[in-house]
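Asks: My questions concern the predicted model and sequence given below.
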Amino acid sequence: MSGLVVIGASYAGIQSALSAREAGYADNITVVCDETWLPYQRPPLSKGFLLGTTGEDNLVLRDEAFFKNERIDLVLGHRAVGIDPRARQIEVDNDATLTFDKLVIATGSRARRISAPGAELDGVCYLRSVADAIDLKARLAQAAEVVIVGGGFIGLEVASSAAKSGKKVTVVESMTRLLERAVCPLVSEFLHATHRQSGVEVLMGETVIAIDGASGRVAGVTLASGTRLPADLVLVGVGGIANDDLACAAGITCTNGIVVDEHGRTGHQDIYAAGDCANHYSRFANGWVRLESVQNAQDQAKAAGLAIAGSHGPYDAVPRFWSDQYSVKLQIVGLSAGHDRTAVRGSADDGRFTVFFYRNGKLIAADSINRPGDQMAARRLIAAGLSPTPEQAEDPSFDLKSLVKAIETINV
């Protein structure tokens with residue numbers, strides 16, 4: 001039975017299947033996933049799910065009846081272990097072989113592991129899957145002192161959830177500021193202050209050299225400075241690695257992910273990739289980039305699905321990211337690397353501000369704290385290549401929506 005086979009029930013995997021079907025792809029569609037769960041949302045795992053405000057049932061993207069109605073077969077609990085592009089076959093770990101006319105690799109990314117002595121002790125956790133989240137939630141309920149290694153999105157979101165749950169929380173970050181690769185110093189400082197005000201201790205410029213144990217369980221963390229932090233739970237959030245091993249072994253070009261074009265196509269005919277595992281050229285980055293975000297996964301997968309169905313809708317969406325910590329909503333649009341000027345709208349003291357980033361006078365990105373309207377405007381403006389001047393961006397009386405309306409007038 002041939003047709004479209006999707007490896008991975010991620011956002012990208014499911015979206016590519018749905019987009020292909022919606023665009024008129026009439027043949028069989030099969031999704032292979034090594035997890036036994038129905039396809040689910042990942043963003044709530046570090047927030048609402050840990051806090052108990054989002055239940056397991058609420059994580060599910062679509063129920064079984066939906067997939068049956070769309071004629072999408074889910075093969076859950078089985079891992080694809082090999083791809084033969086020439087024979088158009090996929091080897092599955094239950095000794096089954098699937099043949100395909102079209103293939104989408106949407107295997108996502110995995111958590112980067114820490115290599116310090118003691119890293120395998122009971123109580124050292126990672127958060128990537130719903131199984132990880134269920135385990136972490138149970139452990140968090142019993143924990144008193146939590147150490148989080150890594151001040152990135154996952155680490156800070158879990159720190160927020162743990163602090164809200166009344167735990168003593170310490171974040172250990174090796175860089176000089178929080179989210180250093182993702183946001184500007186003003187946003188880093190605001191988030192640092194927010195966590196500190198919530199009782200979280202944040203240690204910057206520190207690295208873990210050992211995780212200490214007692215009777216096989218975590219008991220503490222030793223830092224390069226000699227500081228020892230007591231802990232009965234350690235959450236490691238130090239980034240992700242593309243799950244491109246399967247593609248690489250099949251001879252598909254991989255460079256920090258599976259290399260794809262604007263339609264999600266690899267260098268092999270009828271083989272596509274999308275989401276965290278894919279590396280594509282982005283005009284917003286002025287280069288090749290692998291993005292880990294829901295927006296990227298869904299929009300890139302839509303492009304792949306359309307191409308599979310014989311339609312054309314290249315992926316050219318402005319990158320977007322977000323994070324919820326306490327009552328703070330951080331939203332990012334665009335990619336700020338290489339900026340040469342910034343403009344601030346609003347006030348960090350008021351807890352509502354946006355930093356606009358410019359390169360050669362052109363708006364390229366915006367980081368917002370609790371200002372969703374700025375994000376909506378910046379997204380439209382960046383996509384259209386239009387820019388308010390830095391002075392206009394800083395002026396609270398200037399209506400950014402007036403520029404957005406100009407775009408709408410041009411498109412009429």
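Replies: Received, thanks.
Asks: all strands of the stretch 51-200 of the chain, in order?
Replies: Taking DSSP state E, counting those that start in this stretch as the test, the strands found in the stretch 51-200 of the chain are 72-76, 80-84, 89-92, 97-99, 102-105, 109-111, 124-125, 145-149, 168-173.
Asks: Now for residue 291, how many residues are close by?
Replies: By other C-beta atoms under 10 Å, the residues close to residue 291 number 22. Just so you know, the C-beta spots here come from the backbone N, C-alpha and C atoms, and that holds for glycine as well.
Asks: Contact partners for it?
Replies: If you count contacts by C-beta atoms under 8 Å, 6 or more residues apart in numbering, residue 291 has them with 276, 282, 319.
Asks: Redo the residues you listed as JSON lines? Include secondary structure.
Replies: Formatted as JSON lines, these follow (DSSP: H, G, I helix; E, B strand; the rest coil):
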{"residue": "276", "secondary structure": "coil"}
{"residue": "282", "secondary structure": "strand"}
{"residue": "319", "secondary structure": "coil"}
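Asks: Out of those residues, the closest to residue 311 would be?
Replies: Comparing these against residue 311 with C-beta to C-beta places residue 282 closest, at 21.4 Å.
Asks: which one is that closest one nearest to, not counting chain neighbours?
Replies: Nearest non-adjacent residue to residue 282, counting by C-beta to C-beta, 6 or more residues apart in numbering: residue 289, 5.0 Å away.
Asks: Show me just the buried residues among the contacts of residue 291.
Replies: Neighbour-count burial (16 or more other C-beta atoms under 10 Å) is assigned, among the contacts of residue 291, to 276, 282, 319.
Asks: what's the next secondary structure element after the helix or strand residue 299 falls within?
Replies: Element membership for residue 299, per DSSP states H and E: helix 294-308. Per DSSP H and E, the first helix or strand lying C-terminal to helix 294-308 is strand 320-325.
Asks: following that next one, which helix or strand comes up?
Replies: In the C-terminal direction from strand 320-325 (assignment by DSSP H and E), the next one is strand 328-334.
Asks: How many neighbouring residues does residue 171 have?
Replies: Around residue 171 there are 28 residues (other C-beta under 10 Å).
Asks: before we move on, back to that, need the winner for burial among the strands of the stretch 51-200 of the chain.
Replies: Stretch with highest mean neighbour count among the strands of the stretch 51-200 of the chain: strand 102-105 (a mean of 28; mean count of other C-beta atoms under 10 Å).
Asks: which helices and strands does that one pack with?
Replies: Applying 3 or more C-beta pairs under 8 Å, 6 or more residues apart in numbering; DSSP states H and E, we find strand 102-105 packed against strand 4-7, helix 11-22, strand 271-273, helix 294-308.
Asks: before we move on, the earlier item: which single one of the contacts of residue 291 is nearest to residue 360?
Replies: Of the contacts of residue 291, the one sitting nearest to residue 360 (C-beta to C-beta) turns out to be residue 282, at 17.6 Å.
Asks: measure the closest one to residue 326 for me?
Replies: Distance from residue 282 to residue 326, counting by C-beta to C-beta, to the nearest Å: 31 Å.
Asks: before we move on, what about residue 187?
Replies: Residue 187 is 14 Å from residue 326, by C-beta to C-beta.
Asks: And those two? Which one has more around it.
Replies: More crowded of residue 187 and residue 326, by other C-beta under 10 Å: residue 187, with 23 against 18.
Asks: Skipping adjacent residues, who's closest to the more buried one in space?
Replies: residue 367 (5.0 Å).
Asks: so which helix or strand takes in that neighbour?
Replies: Secondary structure (DSSP H and E) places residue 367 in strand 362-369.
Asks: for the record, mean pLDDT for that strand?
Replies: Here strand 362-369 scores 98 as its mean pLDDT.
Asks: Parallel or antiparallel, list what pairs with whichever strand or helix holds residue 202.
Replies: Assigned by DSSP H and E, residue 202 belongs to strand 201-204. Looking at strand 201-204 with DSSP bridges, its partner strands are strand 168-173 (parallel).
Asks: ok and the strand it pairs with relative to strand 145-149, angle-wise?
Replies: Using axes from the mean of the first three to the mean of the last three C-alpha atoms, to 10 degrees, the inter-axis angle of strand 168-173 relative to strand 145-149 is 10 degrees.
Asks: how many other residues sit next to the nearest residue in space to residue 283 that is not next to it in sequence?
Replies: Leaving out its chain neighbours, the residue that sits closest to residue 283 by C-beta to C-beta, 6+ apart is residue 316, at 7.2 Å. The tally of other residues near residue 316 (other C-beta under 10 Å) stands at 12.
Asks: And the one 4 residues further on, by the same measure?
Replies: If you count neighbours by other C-beta under 10 Å, residue 320 ends up with 18.
Asks: give the contact list for the closest residue to it other than its chain neighbours.
Replies: Spatial nearest neighbour of residue 320, excluding adjacent residues (C-beta to C-beta, 6+ apart): residue 295 at 4.3 Å. Counting by C-beta under 8 Å, 6+ apart, residue 295 touches 317, 319, 320, 321.
Asks: and if you look at residue 383?
Replies: 317, 318.
Asks: Endpoint to endpoint, stretch 59-66 covers what distance?
Replies: Stretch 59-66 has an end-to-end distance of 15 Å (C-alpha to C-alpha, to the nearest Å).
Asks: Apologies, that question was intended for stretch 198-211.
Replies: With C-alpha to C-alpha, one end of stretch 198-211 sits 25 Å from the other.
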